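# sequence and predicted structure are below.
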Amino acid sequence: MEASDLHGHISRRFNKDIEDLRNSVLAMGGLVEAQLSQAIAAVVSGDSELGLQVAHDDYKVNNLEVNIDEECGRILATRAPTAGDLRLIVAIIKTITDLERIGDEAEKIGFLASKLAAMDRPTDSYRELKTLGNHVSHMVRDAMNAFARRDVNEAFEIVKEDDRVDEEYEAITRQCITFMMEDPRSIKRVMNVTWAARSLERIGDHAKNICEYVIYMVQGRDVRHTLGSDDAQLGLD
Amino acid sequence: MSIAARKFLIGLILLLGAGAGIGWLYGHADWGLLAAALLALIWQARQLLSFERALRTGNFDDFRQGEGIWQQIFSRFRFEHERAVRRKKSYRTLLREIRKSTNAMPDGAVILDAGNQIIVCNRAAKELAGIKRKKDRGQRIDNILRDPGLGKLLRSGDYKSTIEIMSPVKDGDWLNCRIVPYGADQKLLLLRDVTERMRLAKMRRDFVANASHELRSPLTVISGYLEAIADDDNVPETWRKPLVQMRGQTARMRQIVGEMLELSRLESAGPMRSDKPFDVPALLESSREALGGHANTARITINVETDAQLRGKSAEIETVIINLLSNAIRHTPSDGEITMTWRSGEDGADLIFADTGEGIDPEHIPRLTERFFRVDRGRSRGDGGIGLGLAIVKHVLARHDAELSVTSEAGSGSEFRCHFPVERVVMTPAIGLSQNCNISVT
């Protein structure tokens, strides 16, 4: 399906409203992606200024969420959309909530980065966090791509990706526990690393949610909490 | 009327006339006319059917079967048709060649319409930016490349600047985006892989920063010992002069190292993050106190023509003021005059340093902000100039979206003008912070 499929309304104004709404969701997605990659860069390079900047810029994401939410309410009230349009609006309302949460997690990671920058750095420069971070930022990016292209197959792929993120998170936690047992003086630092990893893992979950909304938006099927079972996959193609 | 058409009409009239004449001989002129008309109709219908069949099957050789005016129509149609086919073929070949060459281009190219929707893109754009050539047609480019910077650039309408965005395909790669408007309101988005360039620039910055940083500690040790030795009364008189010179030169080296560190910090810092409004005149005043007032310096006047405030980092702007003022002092004789002006207008605010000093040759002006550039290579370096001051000024101003322009006439003085855009200027001090929070959804 293409973006032009949305242009099927008699009212041009309605077309434009829906198109604008979709564009602003994607713009919000772009901002969140940038925030996330900067937060990860701040942790990895130990740049406290960048970390604080990310934390400070979260207000932009929040403002966008409020604006888009308002616009959705307006369209629901004045246009009473049905079928595909209604699903699009519902999916958008849910997507921006998850995007805003991702923004919040990025803010947290930014704060943690500024704290970690002041502490001893391990020799591996937080390579695990970087790997996990890259993984989840790919997920967020692909989720937004799936949203833009209304690509159900890609959405399914990303949903499956979440399991691997969970595994990586598990490995980091275990490693952190080992560090803390070996050297109790490092507990404070390693706790922060754990928190950052936890935030990244949550971001993976939010990206997965967004993909589920994409599937709902395009196919009208609610696949939440059902993926993994065989019948959810059946209607894929 | 063409010959064929005239022949056709005459033939028709003759046929009908003959039919009517034969009918009249037998006493039934109307029947004769009717029979002739039927004959004409059957003949026409045959021609029409054969024309239709030729069109349908594409077998144009049947055209030859046409007779009279139909032959004319057939051959005319065939001629036009063959010409159209030939033209189409040549266009197609040309298009294929063009497409081949755009696909061979190493840079990504995306053609956008007025609403920034993708019309077509080449293969490199697909590889560099992950744009799907069929699927993304009609999709807005900033929905696919969602970097906030690119969206801003597209909305700004100012296509002179370019930006670097992170590659959405490969981690750690960078793409340079340039927008070229053409036609009515179409745009061409050019994407270039600048990973290598960014990596080299970073290496250079890191090298300068690390080298300066590493030089700092040995210098501190050397200058510390020099201080101690110079203060020692046991030092023989013959060593006094060398010691003073050594102290002077280490102080100079420390200054160079310090400024190089400052410069590399400014370079790697990216765009300005702090945007608190502050008063400029206070900085002018304190710089005048710090630098002026010696017996052999020129007279310094401060002109404040506006109560506008500037948004940015006051410490960095202070560096700009001190650098420009000390330059002016150094190049202006003690009976000269230096004027610092702070004024604002419709298009932003200006900070102007005018002096009545020796001036600068026009050919040197474009190179002034290069590192270690000196107008007069032979001049003694004892006057305190290092050659990094204006480079620092340029970087600080760039971070504040400002521009430095220099006008000068050799012999009668120079003017350094820092122009700040409207967004950086706060007209009435009270509303400074509330303006930060409006962002638009587009």
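Received the coordinates, thanks.
# what number of residues lie near the residue of chain A at minimum distance from chain B?
Closest residue of chain A to chain B, CB to the nearest CB: A:Gly30 (2.8 Å). Where C-beta positions appear, they are placed from N, C-alpha and C, glycine not excepted. If you count neighbours by other CB atoms under 10 Å in any protein chain shown, A:Gly30 ends up with 23.
# how close does B:Glu214 sit to B:Asp206?
Separation of B:Glu214 from B:Asp206 (CB to CB, to the nearest Å): 12 Å.
# ditto for A:Ile68
Here A:Ile68 is placed at a distance of 41 Å from B:Asp206 (CB to CB).
# kindly report the same for B:Gly27.
117 Å.
# quick check on those two: which one has the bigger neighbour count.
The neighbour comparison of B:Gly27 against B:Asp206 (other CB under 10 Å) goes to B:Asp206, with 12 against 8.
# secondary structure class for that one?
With DSSP: H, G, I helix; E, B strand; the rest coil as the basis, B:Asp206 sits in helix.
# and it, what's its pLDDT?
Per-residue pLDDT puts B:Asp206 at 84.
# looks like A:Cys72 contacts A:Ile93 (just checking).
Yes - counting by CB atoms under 8 Å, A:Cys72 touches A:Ile93, with 5.2 Å between them.
# what's near enough to touch B:Glu227?
For B:Glu227, the contacting residues are B:Arg247, by CB atoms under 8 Å, 6 or more residues apart in numbering or on different chains.
# equivalent analysis for A:Leu200, please.
Residues near A:Leu200 by CB under 8 Å, 6+ apart: A:Glu105, A:Ile109, A:Leu129, A:Leu132, A:Gly133, A:Val136, A:Val165, A:Tyr169.
# ditto for B:Tyr91
Applying CB under 8 Å, 6+ apart to B:Tyr91 gives no contacts.
# what residue lies at the spatial centre of chain B?
B:Ser161 (2.6 Å; CA atoms, centre = their mean).
# got the phi and psi for that residue?
Here the main-chain torsion angles of B:Ser161 (degrees, to the nearest 10) amount to phi -90, psi 160.
# next: B:Asp347.
B:Asp347 adopts backbone torsions of phi -100, psi 20, taken as degrees, to the nearest 10.
# leaving out the residues flanking it, which one is nearest to the residue nearest to the centre of chain B?
Leaving aside its sequence neighbours, B:Ser161 sits nearest to B:Leu153 (CB to CB, 6 or more residues apart in numbering or on different chains; 7.0 Å).
# A helix includes the one you found, no?
Yes - under three-state DSSP, B:Leu153 falls within a helix.
# what about residue 170, which helix or strand?
All of this is about chain A. Secondary structure from DSSP states H and E places A:Glu170 in helix A:152-182.
# average pLDDT across that helix?
Confidence for helix A:152-182, expressed as mean pLDDT, is 89.
# pull the distance from that helix to the chain's centre.
Chain-centre distance of helix A:152-182: 15 Å, with CA atoms, centre = their mean, to the nearest Å.
# in stretch A:98-108, what's buried?
For stretch A:98-108, the neighbour count (16 or more other CB atoms under 10 Å in any protein chain shown) marks A:Asp98, A:Leu99, A:Glu100, A:Arg101, A:Ile102, A:Gly103, A:Asp104, A:Glu105, A:Ala106, A:Glu107, A:Lys108 as buried.
# contacting residues for the fourth one?
Read it as A:Arg101. By CB under 8 Å, 6+ apart, the contact set of A:Arg101 is A:Arg202, A:His206.
# quick one: it from B:Gly224, how far?
With CB to CB as the criterion, A:Arg101 and B:Gly224 are 54 Å apart.
# now do the strands in the stretch 151-300 of chain B.
Residue ranges of the strands in the stretch 151-300 of chain B, as given by DSSP state E, counting those that start in this stretch, are B:163-166, B:174-182, B:186-193, B:276-278, B:299-304.
# rank these by pLDDT, which is bottom?
For those, mean pLDDT drops lowest on strand B:276-278, to a mean of 82.
# how many neighbours does residue 88 have?
In the absence of a named chain, chain A is used. A:Leu88 has 23 neighbours, counted by other CB under 10 Å.
# my bad, the chain I had in mind was chain B
Neighbour count for B:Lys88, taken as other CB under 10 Å: 10.
# part of a helix, is it?
Yes - assessed with three-state DSSP, B:Lys88 lies in a helix.
# check the contacts of A:Leu200 against chain B, which are close?
By CB under 8 Å from any CB of the partner chain, no member of the contacts of A:Leu200 lies near chain B.
# sort these by pLDDT and name the bottom one.
A:Leu129 (87).
# outline the domain layout of chain B.
Following automatic domain parsing, chain B resolves into domains at B:9-99, B:105-193, B:197-269, B:276-431.
# one step back: beyond the helix holding A:Glu170, next helix or strand please.
Per DSSP H and E, the first helix or strand lying C-terminal to helix A:152-182 is helix A:187-219.
# in that next one, what counts as buried?
So helix A:187-219, judged by 16+ other CB under 10 Å, has buried residues A:189-190, A:192-218.
# check stretch B:112-126 too.
Within stretch B:112-126, the residues scored as buried using 16+ other CB under 10 Å are B:Leu112, B:Asp113, B:Asn116, B:Gln117, B:Ile118, B:Cys121, B:Asn122, B:Arg123, B:Ala124, B:Ala125, B:Lys126.
# inside strands: which ones of those residues?
Among the buried residues of stretch B:112-126, DSSP state E puts B:Leu112, B:Ile118, B:Cys121 in strands.
# surely the first one touches B:Ile119?
Yes - if you go by CB under 8 Å, B:Leu112 and B:Ile119 touch, sitting 6.6 Å apart.
# okay, and the common contacts of the two?
In contact with both B:Leu112 and B:Ile119: B:Gln186, using CB under 8 Å, 6+ apart.
# residues contacting the closest residue to chain A within chain B?
Distance from chain A to each residue of chain B (CB to the nearest CB) is smallest for B:Arg146, at 2.8 Å. Contact analysis of B:Arg146 by CB under 8 Å, 6+ apart lists A:Leu26, A:Ala27, A:Gly29, A:Gly30, A:Glu33, A:Met144.
# how about it: what's its closest non-neighbour residue?
Spatial nearest neighbour of B:Arg146, excluding adjacent residues (CB to CB, 6+ apart): A:Gly30 at 2.8 Å.
# which sections of the stretch 151-300 of chain B are below the confidence cut-off?
Within the stretch 151-300 of chain B, the ranges that satisfy pLDDT under 70 run B:270-274, B:295.
# what does it put close to chain A?
Checking the stretch 151-300 of chain B against chain A by CB under 8 Å from any CB, the hits are B:Gly151, B:Met166, B:Pro168, B:Asp171, B:Arg273.
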